[in-house]
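>>> sequence and predicted model, in that order:
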Amino acid sequence: MRVNIQYSIEMDEIPEKVLDFLQGASSSSADIVHEIDDIVFCMEGNFSIERALEQINKVRRELANIDHTMLDCSEILHGYQKALVQLREPQKIEVDHDNETRNEEIEEG
């Protein structure tokens, strides 16, 4: 069962954390290539349908895990991009016009 977790890191650490996730996915995908090669070898020779089905299901689960990791990375990077854009935008300062009027009245009075 997959669950979402949440923890905080400094904003400048986000690219490195996403890179860690992507490297894990890359490593997993390299393992999958070898597992598929094993399935092919099994099918070419003295093969067991049960074994082939088990290996295929295992590969599919691993591919799903990689897909989840890629989705997580995508969502993290979208949030990071949004935060960077917000930091670049000039901050709007809201002025309380009622307080300005009251302060002016007090100074004049």
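Noted; the coordinates are in hand.
>>> give me phi/psi at residue 51?
When read as degrees, to the nearest 10, the backbone of residue 51 gives phi -60, psi -40.
>>> if I look at it, how far off is residue 43?
10 Å (Cβ to Cβ, to the nearest Å). For the C-beta atoms, the positions are set from N, CA and C on the backbone; glycine is no exception.
>>> could you pull out the helices in this protein for me?
All helices of the chain, identified by DSSP state H, fall at 14-44, 49-88, 97-108.
>>> so which of the ones you listed is nearest residue 4?
When those are compared by Cβ to Cβ, helix 49-88 sits nearest residue 4, at 8.6 Å.
>>> which helices and strands sit right next to the closest one?
With contacts taken as 3 or more Cβ pairs under 8 Å, 6 or more residues apart in numbering; DSSP states H and E, helix 49-88 sits against helix 14-44.
>>> now the helix it packs on: how far from the chain's centre is it?
Taking Cα atoms, centre = their mean, to the nearest Å, the mean C-alpha location of helix 14-44 is offset from the chain mean by 17 Å.
>>> could you do stretch 40-60 as well?
Chain-centre distance of stretch 40-60: 32 Å, with Cα atoms, centre = their mean.
>>> quick check: buried residues in that stretch?
Within stretch 40-60, the residues that count as buried by 16 or more other Cβ atoms under 10 Å are 55, 59.
>>> tell me the mean pLDDT over it?
What stretch 40-60 shows for mean pLDDT is 89.
>>> ends of it, how far apart?
15 Å (Cα to Cα, to the nearest Å).
>>> what's that stretch in contact with?
Contact with stretch 40-60 is made by 32, 35-36, 38-39, as judged by Cβ atoms under 8 Å, 6 or more residues apart in numbering.
>>> go on, stretch 11-20?
9, 73, 76-77, 80, 83.
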